[in-house]
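Undergrad: Provided below for reference: sequence and predicted model.
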Amino acid sequence: MTARWRLLRFCLGLIGALACMLAAFVVFVHLAVVPQFEDWLRRDTSRTAEMLARELDVAVATHDEEALRRIVEQEATRHDFKAALVVDASGGILGRYGEASQVAFNAVLAEGEGVLVRGDGSIGVWRPIELEGVHLGAVVLLLSPERISTIQRWTLVIGGNTILLLLLSVIFSARFSTTFVAPIEAMMIFAGRLVEGDLSARLRTSSGVLEVAALIEHLNKMASVLEQRDLKLAQRQAELERSLEALRLAQESLVSAREAALDASRAKSQFLANMSHEIRTPLNGVIGLLGLILDEELKPEIRETVDTALQSAVHLLAIINDILDLSKIEAGKLTIERASFALAPSLRDALKPFELKARAQGLNFTLEISPELPDWIAGDSVRFRQIIVNLVGNALKFTASGAVSIRAYLRREEGAAMLAVSVTDTGIGVAPDKVRQIFDAFTQADESMTRRFGGTGLGLTICRQLVELMGGRLWVESQQGAGSTFSFELPLVRAEPDQTSERIAPSGAVGPIRKLRVLVAEDNKVNQRVVQGLLERMGHDSVVVADGVDAVSAVASERFDVVLMDVQMPTMDGLAAAREIRRVEASSLGPRTPIVALTAHAMDGDAQRCLDAGMDAYLTKPIVRKILKETLDRWAPANG
């Protein structure tokens, strides 16, 4: 039971107690106050009678009835008595006031002087009338019994009402307790059970009050709704637990699949790295030896055969490079460099090999560079050149007659400057339904073209992904039988000239700056022969070792101008050998010998690993004579 209901019951009990106290007060008034009032009334009436007797003495003595009547009427008005009687000494009536029976007067006169007498329904008292000691008569006053009976009636009325109030409070308390308090206490207990989770509890409708009965009914309905909702929640919770378990299992499966995918990706990367090394190593020997043969005096038919073999090897190398680039792009491991390069010279250098081929095919080959373009821009010149070479190579491949034109111009898009390049040809074109397909890997517009024109279908895929990696876009406009225009645009970032680029290939430099003594660390016999042959034709001396241990010993015991270090070798690989050479140089305070990585490892990150090991430059196999010469010439002045 709450404090509110305790207070209500206390109030009801207080009302009952007050009723009892009022009843006791009524009894007290009836037993104590009424007699006292009667005594006061007797004294007051006696004083009135004595005063009236003194005023009437002369009138009685003279038998002046008019004076008697006037005096009695005045006193009756002042003191509110019912009737008065004046008699002489012999008992004769001298005057009468009011209406009263003689019997009542006689009853009063029969009593002693000053005694309150009841008679004939009246209450009265008498006093003698004297004048100078002589008894002249008496005066009798009769009072109305209503002054006492009124108090008695009110006492009885109050007492009855008090008793009635007491009975009503008791009845109301019992009725209220049954009708309101008991149901409310039951509802409180019911609510407590609901709070504790007992949703099966129900209330019985025992109250006769419609509102209370309706409230109980609504509470029962609420309990039913809550019970149904709780059941649904329990079912939903069970479903969620099953779903969570399924999600947990799916997550574990995804984690396992992710780990398997990562393992597969690592295995793929390792496989590609190994295949790159294993394919490039013999390919380096083939291309290098064929190049050395072409340096000799050969019969025309033999030179043509050797040149065809060399071109086939170079074409095979291009296919390998495309596959490696696509793999690196798909794995998210291809990084875009950002450096300053001269735009126009880069375009001309990239297109120079195609001029002879276009002339041989009888094609009009043109390059147009807008004067609005800056001389130097920031970007990845190698990848930019790769995109140009792929697009122009395709144009020449699919154009039998007409022209191939390249145009570089400035384009503004939403206020941003863009470098736009378009390659337009008059070749076979692309069917409208094949336009999207040509950008898919290993796909060409017509499968018969693979046999007619050759190619792997990777060029455009790589170009599009390279352009997107550089923040641009690549698209094509083509009409079958009329030619195509492949266009791409890149964010144009102006740059300052790169002064270091001028030191790589000094203007007017012909041949080596000086004769170098080169240490070649290479385990493959064919590659040893190729590198020695190239160095010999450049006028350099070379010493060959077959592993990293011999390379470290050779550098420690002899003086070399440059070390060409293969990365993958037995006993000690090139990275470990480079670190050991740098450690020996640091401990002996000797001069730093330039180390150039010369390796078939061409995956992303290989160059950085070589530089981190202490090497100074990184060249990939197959060895390009021009790049090897530029690298050696670059280090010759610093160590001359």
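TA: Everything's here; your move.
Undergrad: quick check, G137 in a helix?
TA: No: using DSSP: H, G, I helix; E, B strand; the rest coil, the secondary structure at G137 is strand, not a helix.
Undergrad: could you measure it against I129, distance?
TA: G137 sits 5 Å away from I129, taking CB to CB, to the nearest Å as the criterion. For the C-beta atoms, the positions are set from N, CA and C on the backbone; glycine is no exception.
Undergrad: which residues are in contact with both of those two?
TA: Counting by CB atoms under 8 Å, 6 or more residues apart in numbering, the common neighbours of G137 and I129 are V60, V86.
Undergrad: Settle it for me: which of those two has more neighbours?
TA: The neighbour count for G137 versus I129, taken as other CB atoms under 10 Å, is higher for I129 (26 against 21).
Undergrad: Assess the claim that that one and V86 are in contact.
TA: Yes: I129 is within contact range of V86, at 7.4 Å (criterion: CB atoms under 8 Å).
Undergrad: Which neighbours do those two have in common?
TA: Common contact partners of I129 and V86 (CB under 8 Å, 6+ apart): L56, V60, G137, A138, V139.
Undergrad: What is the nearest of those to R514?
TA: V139 (174.0 Å; CB to CB).
Undergrad: Just the pLDDT for that closest one.
TA: pLDDT recorded at V139 is 80.
Undergrad: May I see the shared contacts of I129 and V86 arranged in JSON lines, with distance to R236 as well?
TA: Converted to JSON lines, the shared contacts of I129 and V86 look like this (distance: CB to CB, whole Å):
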{"residue": "L56", "distance to R236": "109"}
{"residue": "V60", "distance to R236": "114"}
{"residue": "G137", "distance to R236": "113"}
{"residue": "A138", "distance to R236": "109"}
{"residue": "V139", "distance to R236": "106"}
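Undergrad: Just the buried ones from those, in ChimeraX syntax?
TA: A single ChimeraX command selects the buried members of the shared contacts of I129 and V86 (16 or more other CB atoms under 10 Å):
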select :56,60,137,138,139
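Undergrad: what about the stretch 201-350 of the chain, any weak spots by pLDDT?
TA: Within the stretch 201-350 of the chain, the segments meeting pLDDT under 70 span 203, 205-212, 265-266, 268-278, 280-281, 284-285, 314-315, 317-319, 321-334.
Undergrad: By mean pLDDT, which helix or strand of this structure comes out lowest?
TA: Of all helical and strand segments in the chain, the minimum by mean pLDDT, DSSP states H and E falls on helix 501-504, at a mean of 40.
Undergrad: Number of residues surrounding the closest residue to K629 other than its chain neighbours?
TA: The shortest distance from K629 to any non-neighbouring residue, by CB to CB, 6 or more residues apart in numbering, is to M538 (5.9 Å). Residues lying near M538 (other CB under 10 Å) number 18.
Undergrad: Then E241?
TA: Counted with other CB under 10 Å, the neighbours of E241 add up to 10.
Undergrad: try the one 4 residues further on
TA: Burial measure for E245: 10 neighbouring residues, criterion other CB under 10 Å.
Undergrad: For the host helix or strand of it, enumerate the helices and strands it packs against.
TA: Here E245, judged by DSSP states H and E, is contained in helix 210-294. The contact analysis (3 or more CB pairs under 8 Å, 6 or more residues apart in numbering; DSSP states H and E) places helix 210-294 against helix 182-195, helix 300-330, helix 525-537.
Undergrad: The helix or strand following the longest one packs against which elements?
TA: If I follow you right, that is helix 300-330. Sequence-wise, the next helix or strand downstream of helix 300-330 (DSSP H and E) is strand 339-342. In this structure, strand 339-342 makes packing contacts with strand 376-379, helix 381-397, helix 501-504, judged by 3+ CB pairs under 8 Å, 6+ apart.
Undergrad: what residue ranges in the stretch 1-150 of the chain score low on pLDDT?
TA: Along the stretch 1-150 of the chain, segments meeting pLDDT under 70 span 1-20, 22-35, 37-38, 42, 77-81, 99-105, 107-123, 144-150.
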